Every structure is written in structure tokens, then in C-alpha cells.
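S.K.: Need coordinates for the below:
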Amino acid sequence: MVDWGAIILGFILSIIFGGIFAIIIPVWGGILGLLLAGMVVGYLVGGDAINGAVNAGFAGVFGAIVLSLLLLIAGTLILGIIGFAAATITSLFIFVGFVGVMLIMALGGAIGSIVKDEPLVEVVEHKGQ
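M.R.: Residues are numbered from 1 along each chain as shown. Predicted structure coming up:
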């Protein structure tokens, strides 16, 4: 089950955590920030590990798409056709890199949903008569 609220929150947290941790821990901080953002998404959606991984992976993909669109718009507005061409090439690299972001956030989402350990369906015990 896809939870768009958790996905949007994960996208925002990936930007915030990724930026803050990248400054604090130069080499691995960005990856750690993405992992933590994925864990938050996985914890929010609950369910099994696959559910957390799918939702956190969508947050990573959503981030790459939004970043690419913003680059295209800004590049075109600032530098015209040259900016559009440069932003297009940069966006291609972002789309290649988003696979890594998606995998890192999906791993965090799986961990977060495992930590929550809450099934999607309520289990009802039937007592014998």
C-alpha cells in the first residue's frame, strides 16, 4: 500500500537529513541522511519490510524527478537554450544516480518497518467455544 503522505515527508527529510549529515560527516553523511529518511518512511507506513522499502524507494524516485524538473526550469530561465541543454545533461546523471538513492532509501524503509513490527492487517484470535 502506497502512502503518499509518508513519501512526501521522506522526500523532504531526505533533503534535510542528506544536507545536514553531509556537512557534519563529509564522506558518508549524505548516505546516512538518506538511510535515516528511508527509515522514517518505513516506520511511518509499517507493515512488512517490502512495504517500507517500496514507499521509501518511491520517496527517492520522487526526489530525483523533482530535482531534475527544478534544474530544467531554472536552467532554462537563467541561461535560455544553453541552460536547458546543461540542465538536461545534468538531469540524465541525476536519473542514473537516483537508482542508488532509491536503493539506499529502500533499505532504510525496510529497516524502519521491521523496527515498527506492525502488520498491515489486524490479527484477531478466535477462542474456542
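S.K.: Break down the protein into its helices, ranges please.
M.R.: In the chain, the helices defined using DSSP state H lie at 4-24, 29-45, 49-116.
S.K.: Make a markdown table from the ones you listed and add distance to V124 to it.
M.R.: Backbone N, C-alpha and C define where each C-beta goes, glycine included. Listed next are these as a markdown table, based on distance: least, Cβ to Cβ, whole Å:
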| stretch | distance to V124 |
| --- | --- |
| helix 4-24 | 26 |
| helix 29-45 | 22 |
| helix 49-116 | 20 |
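S.K.: mean pLDDT for those: which is lowest?
M.R.: Among the helices of the chain, helix 49-116 has the lowest mean pLDDT, at a mean of 85.
S.K.: just the angle between it and helix 29-45, please?
M.R.: On the basis of axes from the mean of the first three to the mean of the last three Cα atoms, to 10 degrees, helix 49-116 is oriented at 90 degrees to helix 29-45.
S.K.: So which elements touch helix 49-116?
M.R.: On a contact count with 3 or more Cβ pairs under 8 Å, 6 or more residues apart in numbering; DSSP states H and E, helix 49-116 meets helix 4-24, helix 29-45.
S.K.: Give me the contacts around the last one.
M.R.: Helix 29-45 is touched from outside by 1, 3, 5-7, 9-10, 13-14, 16-23, 25, 49, 51-53, 55-56, 59-60, 101, 104-116, with contacts defined as Cβ atoms under 8 Å, 6 or more residues apart in numbering.
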